[in-house]
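1. predicted structure and sequence below. I'll ask about it afterward.
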Amino acid sequence: MERLSEARRLGHEVLALVRGSAVNQDGASNGLTAPNGPSQQRVIRQALANAGVAANEVDVVEAHGTGTTLGDPIEAQALLATYGQDRPAERPLWLGSIKSNIGHTQAAAGVAGVIKMIEAIRRGIMPATLHVETPTTHVDWSTGRVELLVGHQQWETDDRPRRAGVSSFGVSGTNAHVILEQAPATNVIAADTTHVTDTDATDITGAAGGMDLVSVPWVVSGRSREALAGQARRLSTLLERHPGLDLVDVGWSLVSGRSRFENRAVVVGADRTELLAGLTALIEATPTGNLVQGVTGAPGTVGRTVFVFPGQGAQWAGMGRELLDTAPVFARKMAECAEAFAPWVDWSLIEVVRGSAGAPSLDRVDVVQPVLFAVMVSLAELWGSVGVVPDAVVGHSQGEIAAAHVAGALSLDDAAQIVIFRSRALTDLAGHGAMLSIVDTLERVNALIEPFSDRVSVASVNGPRSVVISGPPTVLAEIERILSGQGVMRWTVPDVNFVAHSAHVESLRAGLLHALEGVTARSSQVPFYSTVTGAVMDTAGLDARYWYRNLRETVRFDQATAALLADGHNVFVETSPHPLLTLGIEESAEALTMQGRKTLVVESLRRNEGGMDRFLRSLAQLDVAGVVMDWEAVFRGSGARRVELPTYAFQRRRYWLDAVVPADAAALGLVAAGHPMVGAVVASPESGGVTVTGRLSLTTHPWLRDHAVDGVVLVPGTGLVELVFRAGDEVGCPVIQELTLMAPWCCPPTPPFKSKSTSPQPARAPGR
């Protein structure tokens, strides 16, 4: 239940309206168990007044309907006195009760009536009251226009909504009555509403604004792995039975009308075939590329989220091109970046991304770094539009510029000026250097490059075993030859022909400080972890001198990562066109051995996977891990409409106790009989006789399964009862299931059981 305005805002389907209600109490008048007619009339009139409708505007009443000679006449007279007056003869109040269908449901009786009437309103049929032949004679039906619903009635109204009253009366004297009304005809359930208003928006969030869902996410969950597979099976069956079902409508219905449980899965597909294949993989527990699944709720699975912005090397031709056409939020931020670049460059950002004829190549450092900046901050905007916002940011080399802007420390104009002048300065070093990535410890790398220390520098330390060095290509080739002989993994950083983060940068110091002297930074609300200092810092200190240090000094990404992990950040979103820092983050997390916590690293895009399909799968990785995000925003503006989906795949279990535990005779104060078929003996103080008790069951006497009771015999002269058994496989002999014996012993010879045997019984010795 929720307010109608809220349901409309959230796009929820409205089944019916609670137009009005009232409750009163008459326990002090007629007593706690006897109904009171005047009080019932008052509660009905109060509910009508609360609803603002007249009694003759209500078509049917779901009565409390006790089915008793006391309760029914009192309730009927109250209905006649209220609803039965001033009604046209052709439009009586119809009267029924769900108790004729399912019996009395005690505390659930009222809500059962509400459910019945809501479904009746939706279907336009007033269902019959069962097992009624003639109205009770204890009611004067001539005093008003009220008739029993002895058969189904089509629920026709002229120009007003269908309305129903529902009564429920408690044994303590509490009376309740509600007025239900048909949902408005303008019941909008489309994915066109937004949860984000202008006052809610921040620098890094906003409405998704109508993504082009070339791929559709289907989000499912369950309380267990079996339930999750059951949900997928039901969806698969639905899709097979209704091939014309709109896939976006199904996706919207799944995210806007379902609870999210700990066992989660997301299937992403561009068409019916892909979605069915993903559902099949989920059902059969087999991995596939378009299925992401996981379990939330494990300790340490979800912590604070970090946006990670790598440096150069994540670029590839065409990065961001698909998102320009499918993600308006991304495209809008890219357009803002293009506008900020325009005063400082002679090329078009959008043309470079689209690969337009005449646009400069990404091989130019003064082009690739600004373009990377624009793509990264636009991806951050896209993440924010679906509810994923950073608790902290960290950048690697030039990635710190994007991190500072996303954190709110730099305006877009200042950030654009930094990335353009920084990359332009590097053109003076272009063609004189290279970078080599080495999988080894910093100590071993320092020892390796010691003979070349005047020409080679450690450019960055990304993790415990991830180091990048920079220097002249000829020297790096010699170092690579040495590493090859030692069997150490290494590779040349692509598309880098300069020696950043080394002594060679010192020649750029004066020019860079002069170019950036007008840049101003402010303290940000989002923590900024510096890879220059290796710790969190106040972003008000991000002046021109800092940005020179950012280019000159070793990038200590390992130290910044360690600080983030120590401060409780364990979800890392690499906000770039291709992941570069995953290995370093995972190694740092493993080295710290964060007890009871897991580290999750998620990419945004991947080389040659730059569209919504890849982004949605990355979003799914966060969702199945339990990161708070907004799936509804993905569908917002799509025009998708709610459709009826299969209900939850409950894993039904039987909770009745199957075993009967025999009572401990001694614990009950009785004398144990010491007999396999008799439990206890109780002496009678009056007669001097005793009573023996026992319970026979297949649980306690499994050998009885092969025998059948043929008869019950009283042993002459003793009053002792004896059971006569025969083999259970004999035709016509029922196998015993359970029998309780309570037989008097040594009492007057009146057999407590009548023999069921039809044949003469053999003589039995007493006490046998």
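-> The structure has been received and is ready for your questions. Numbering: from 1, shown residues only.

2. now do the longest helix belonging to the chain, average pLDDT.
-> Counting by DSSP state H, the longest helix found in the chain is helix 365-385. Average pLDDT, helix 365-385: 97.

3. now do it: which elements does it pack against?
-> Here helix 365-385 touches strand 304-309, helix 328-341, helix 349-354, helix 399-407, helix 412-426, going by 3 or more Cβ pairs under 8 Å, 6 or more residues apart in numbering; DSSP states H and E. C-betas here are computed from N, CA, C, even on glycine.

4. ok, 6 Å please
-> For helix 365-385, the helices and strands in contact under the criterion 3 or more Cβ pairs under 6 Å, 6 or more residues apart in numbering; DSSP states H and E are helix 328-341, helix 399-407, helix 412-426.

5. can you show me the CA trace of it as PDB?
-> C-alpha atoms of helix 365-385 as PDB (Å, rounded to 0.1, in the frame of the first residue of the first chain):
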ATOM      1  CA  VAL A 365      49.900  12.500 -26.700                       C
ATOM      2  CA  ASP A 366      48.300  16.000 -26.800                       C
ATOM      3  CA  VAL A 367      45.100  14.400 -28.200                       C
ATOM      4  CA  VAL A 368      44.900  11.000 -26.500                       C
ATOM      5  CA  GLN A 369      45.200  12.400 -22.900                       C
ATOM      6  CA  PRO A 370      42.400  15.000 -23.200                       C
ATOM      7  CA  VAL A 371      40.200  12.500 -25.000                       C
ATOM      8  CA  LEU A 372      40.800   9.900 -22.300                       C
ATOM      9  CA  PHE A 373      40.000  12.500 -19.600                       C
ATOM     10  CA  ALA A 374      36.700  13.300 -21.400                       C
ATOM     11  CA  VAL A 375      35.700   9.600 -21.700                       C
ATOM     12  CA  MET A 376      36.500   8.900 -18.100                       C
ATOM     13  CA  VAL A 377      34.600  11.800 -16.600                       C
ATOM     14  CA  SER A 378      31.600  11.000 -18.900                       C
ATOM     15  CA  LEU A 379      31.700   7.400 -17.700                       C
ATOM     16  CA  ALA A 380      31.600   8.600 -14.100                       C
ATOM     17  CA  GLU A 381      28.500  10.600 -15.100                       C
ATOM     18  CA  LEU A 382      27.000   7.500 -16.600                       C
ATOM     19  CA  TRP A 383      27.600   5.500 -13.400                       C
ATOM     20  CA  GLY A 384      26.100   8.300 -11.300                       C
ATOM     21  CA  SER A 385      23.000   8.300 -13.400                       C
END
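
6. ok and it relative to strand 304-309, angle-wise?
-> Taking axes from the mean of the first three to the mean of the last three Cα atoms, to 10 degrees, one finds helix 365-385 and strand 304-309 inclined to each other by 160 degrees.

7. ok, and what's touching helix 365-385?
-> By Cβ atoms under 6 Å, 6 or more residues apart in numbering, the residues outside helix 365-385 that reach it are 204-206, 208, 307, 309, 315, 319-320, 327, 329-330, 333-334, 337, 349, 352, 360, 362, 398, 401-402, 405-406, 419-420, 423-424, 426-427, 430, 575-577, 604.

8. which of these are buried?
-> Buried by 16 or more other Cβ atoms under 10 Å: 204-206, 208, 307, 309, 315, 319-320, 327, 329-330, 333-334, 337, 349, 352, 360, 362, 398, 401-402, 405-406, 419-420, 423-424, 426, 575-577, 604, out of those.

9. helix/strand/coil for E181?
-> With DSSP: H, G, I helix; E, B strand; the rest coil as the basis, E181 sits in strand.

10. pretty sure it contacts R163?
-> Yes. Counting by Cβ atoms under 6 Å, E181 does reach R163; the two are 5.1 Å apart.

11. mind giving me the packing neighbours of whichever strand or helix holds I479?
-> Using DSSP states H and E, I479 sits in helix 473-486. Counting contacts by 3+ Cβ pairs under 6 Å, 6+ apart, helix 473-486 packs against strand 434-438.

12. report the angle between the strand it packs on and helix 473-486.
-> 20 degrees.

13. picking that back up, following element in sequence after the helix holding I479, please.
-> In N-to-C order, the element after helix 473-486 by DSSP H and E is strand 490-492.

14. other SSEs contacting that next one?
-> strand 434-438.

15. pull the contacting residues for the residue sitting nearest the centre point of the chain.
-> Closest to where the C-alpha atoms of the chain average out (Cα atoms, centre = their mean) is R260, at 1.8 Å. Applying Cβ under 6 Å, 6+ apart, one finds that R260 lies in contact with S221.

16. ok, now A540?
-> A540 touches 521, 523, counting by Cβ under 6 Å, 6+ apart.

17. run the last query once more with 10 Å
-> For A540, the contact set (Cβ atoms under 10 Å, 6 or more residues apart in numbering) comprises 409, 520-524.

18. V353 too?
-> Taking Cβ under 10 Å, 6+ apart, one finds 317-321, 323-324, 334, 338, 359, 362, 371, 374-375, 378, 610 in contact with V353.

19. next one: G65
-> 71-72, 75-76, 95-100, 104, 109, 113, 129, 167-169.

20. ok, which of the helices and strands packed on helix 365-385 comes nearest G568?
-> Proximity to G568, assessed across the helices and strands packed on helix 365-385 by Cβ to Cβ, is greatest for helix 399-407 (17.6 Å).

21. dump the C-alpha coordinates for that closest one into CSV.
-> Provided in CSV are the C-alpha atoms of helix 399-407 (Å, rounded to 0.1, in the frame of the first residue of the first chain):
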residue,chain,number,x,y,z
GLY,A,399,43.9,10.1,-14.2
GLU,A,400,44.2,12.3,-11.2
ILE,A,401,42.8,15.2,-13.2
ALA,A,402,39.6,13.3,-13.9
ALA,A,403,39.5,12.1,-10.3
ALA,A,404,39.8,15.7,-9.0
HIS,A,405,37.0,16.9,-11.3
VAL,A,406,34.6,14.1,-10.4
ALA,A,407,35.3,14.6,-6.7
